[in-house]
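> Quick one: sequence plus predicted model below, questions after.
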Amino acid sequence: MRIAILSFDGFNELDSFIALGLLNRLKAHGWKAEIAAPTARITSMNGVVVEAQQPLEFANGADAVIFGSGIYTRAIADNGSLLDRLQLDPLRQLIAGQCSGTLLMARLGLLADMPACTDLTTKPWVVEAVRRWIASRAPGLRSLHLSWFGGEPLLARGVIRTLMGDARALHGNYPDLTVTSNATTNGYLLTPAVLTELVDLGVTGYQISFDGPREYHDRKRVLAGGGGSFDRIWGNLLAARDVKKAFSITIRVHVDQETAEAVPRFLEQVSNTFGGDDRFDVYIRGLSRLGGPNDAALPVFEREEGAQVIDRVKDHARSLGLRLFEAEPGHSICYAARANSFVVRANGRLNKCTVALEEPSNLVGVLRPDGTVDLKPAPMMLWMRGLKSGDAAELKCPMRGIRSADSTHRTESLGIIVK
């Protein structure tokens, strides 16, 4: 077996040398590993100069290919003329990547929709790819909405700064382009300083969830190191009242069998604190089972009983003078049903739904390092089937019934174009 260990300037000695040493212990079995490089000599990340055993093109005829990592991998991924020298065949060859070497595999289209694990230095390629994607789409858009979702998006404020800065610049270049943005956050990091910075960047809408009064919320939303989170989050909301900026905060209140009796008391607390500030409203929703090992233990209501409880809680909120966040009649179309709406995962995968992340049909494509996207027609059609049927239920939540709809819509055309 001929094995090419692809190494470039700035390569990681551990990746290339250990692979070379270990694999060549199998010489008696016909294995031979060699370092292949784009130039006759390459220099490692720590200054070790090595003569290549084979040219880069050796990999094209090898039985197995290993992409090593290095400190310049992102620059190499952008070097099209260099990577064009590689003509690999995943049907014939065994192809693997070490750490940031997986970025080169992604650049060559060898990963398809497979996940890859890499390092914090290489991870920003997804951000760069999103920047390229947005920039290429901007000339043909009338509106661009960036929604920050997690995990906890405020842990990645650097990413928000970068992409929102790009979005504002695009608005300057294309004055007819409307740019808006919102964030779904637990509120723990939303201090007045952070809120001010984000609003100035254009992130003006926020949704923050509570599970009732302090004693209930702190039992359900526990910090990683132990202890409750209510006081910190509530304190940030109190401080937000004094931020003299135009923003909106939706306080999302979850209702279940354990909290139903206590939620009215929490709503009175919300009313007394934020009732006179039009920047705050309330979204009341029953707790749902959305997947996970603890789903069966969640004290959710049965659908009919839950609807009645939610109606009573909403009536109480209205009696307190609270503004309720509710979908406008006739406009209840889920973002996942819209043709031009995508969820970008940290690994470059493209989803439609932010909830059913592990649903197989939710993988609708991948984002390439160059900012182009590869979309899968079949799952895209499943999520957008309501656009053709006009069915209100399919438009409101295309996830419901998607598995039964799979075989029906897999080969159908929606008669629409996704760009």
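Cool, got the structure.
> Quick check: phi and psi on Arg349?
Main-chain torsions, Arg349, degrees, to the nearest 10: phi -70, psi 150.
> give me the beta-bridge partners of it?
Val366 (DSSP bridges).
> Now the helix or strand where Thr43 lies: buried residues?
For Thr43, the host element (DSSP states H and E) is strand 41-43. By neighbour count, with 16 or more other C-beta atoms under 10 Å as the criterion, the buried positions of strand 41-43 are Ile42. In short, each C-beta sits where N, CA and C put it, glycine included.
> is it true that Ala59 lies in a strand?
No: counting by DSSP: H, G, I helix; E, B strand; the rest coil, Ala59 is not found in a strand; it is helix.
> Excluding chain neighbours, what is closest to it?
Spatial nearest neighbour of Ala59, excluding adjacent residues (C-beta to C-beta, 6 or more residues apart in numbering): Ala4 at 3.9 Å.
> tell me the SS of that neighbour?
Assigned by three-state DSSP, the conformation of Ala4 is strand.
> Distance-wise, check it relative to Ala19.
11 Å (C-beta to C-beta, to the nearest Å).
> Please tell me I have it right and Leu110 contacts Leu88.
Yes: distance between Leu110 and Leu88: 6.8 Å, which falls inside the contact criterion (C-beta atoms under 8 Å).
> list residues touching both of the two?
Shared contacts of Leu110 and Leu88 (C-beta atoms under 8 Å, 6 or more residues apart in numbering): Ile95.
> so where is the stretch 301-419 of the chain shaky, pLDDT-wise?
327-331, 406-419 (pLDDT under 70).
> ok, 50 please
Applying pLDDT under 50 to the stretch 301-419 of the chain flags residues 410-419.
> Which parts of it are strands?
In the stretch 301-419 of the chain, the strands defined using DSSP state E, counting those that start in this stretch lie at 343-344, 349-351, 363-367, 373-375.
> Make a markdown table out of those strands and add mean neighbour count.
Below are the strands of the stretch 301-419 of the chain laid out as a markdown table (neighbours: other C-beta atoms under 10 Å):
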| stretch | mean neighbour count |
| --- | --- |
| strand 343-344 | 18 |
| strand 349-351 | 21 |
| strand 363-367 | 22 |
| strand 373-375 | 15 |
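> for these, which one sits closest to Phe67?
Closest approach to Phe67 among those (C-beta to C-beta): strand 363-367, 17.8 Å.
> Now do the helices in the stretch 151-300 of the chain.
All helices of the stretch 151-300 of the chain, identified by DSSP state H, counting those that start in this stretch, fall at 157-173, 192-201, 214-220, 230-240, 263-274.
> domains for the protein, by residue range?
Using automatic domain parsing, the domain parsing of the chain gives 2-107, 125-319, 335-409.
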